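J.: Just the structure for this:
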Amino acid sequence: MTKRCSACKIEKELSQFNKSKSKKFGVHNQCRQCTRLWKPSLEALKISRQRTREWNRLKSSGFTQEEYEAKLKEQNYSCAICGTTDSGPMDFHADHDHNTNQKRGILCHKCNTGLGLLKDNVEILCAAIEYLNHYTR
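T.: Predicted coordinates for the structure are as follows:
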């Protein structure tokens, strides 16, 4: 059985196409050869991911890439809370106040998650400090 590739318009055997359960003949519309031609390079993917990260940072915290880099440099490329230079599984996080949208600092994954889990609440954080002090004596 054959199928016409939607990109090169050549009639080819179904074995020349990648499988797809959602398509009529069980294969993609483009042949494998054409699919490879349209696949972005690793460098293009890397650039795309970086742009997406920058856009998400701007939308969620208001930090532009320049502000983010300047703040990180100001903090000696380390977390503003614990001082680690290890950002965690991703880049350092641009922290901001969720109520006022005021930009704060750059945090590692663990410190950013900790603040979030404690609801950015100073009273809860103080209670946690008292709790730790009580049990470390």
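
J.: Would you state the strands of this structure in chain order?
T.: For the chain, applying DSSP state E gives strands covering 2-4, 11-13, 17-19, 27-31, 93-96, 103-107.

J.: Kindly reformat the ones you listed as TSV and extend each row with mean pLDDT, mean neighbour count and distance to residue 120.
T.: C-beta here means a position set from N, CA and C on the backbone, and glycine is covered the same way. Output for the strands of the chain, formatted as TSV (pLDDT from 0 to 100; neighbours: other Cβ atoms under 10 Å; distance: least, Cβ to Cβ, whole Å):
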stretch	mean pLDDT	mean neighbour count	distance to residue 120
strand 2-4	93	14	56
strand 11-13	95	12	58
strand 17-19	94	15	47
strand 27-31	93	19	47
strand 93-96	95	22	9
strand 103-107	96	21	10
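
J.: what's the span of stretch 114-132 from first residue to last?
T.: 15 Å (Cα to Cα, to the nearest Å).

J.: scratch that, stretch 99-116
T.: First-to-last residue span, stretch 99-116, Cα to Cα: 13 Å.

J.: Give the buried residues for that stretch.
T.: Buried residues in stretch 99-116, defined by neighbour count with 16 or more other Cβ atoms under 10 Å: 103, 105-112, 115.

J.: sorry, back to before: right, so of the strands of the chain, which gets closest to residue 135?
T.: The minimum distance between residue 135 and the strands of the chain falls on strand 103-107, with 25.2 Å, by Cβ to Cβ.

J.: which residues sit against the closest one?
T.: Applying Cβ atoms under 8 Å, 6 or more residues apart in numbering, the contact partners of strand 103-107 are 61-63, 67-68, 71-72, 75, 79-81, 92-97, 115.

J.: Closest to the mean position in the protein, which residue would that be?
T.: residue 53 (5.5 Å; Cα atoms, centre = their mean).
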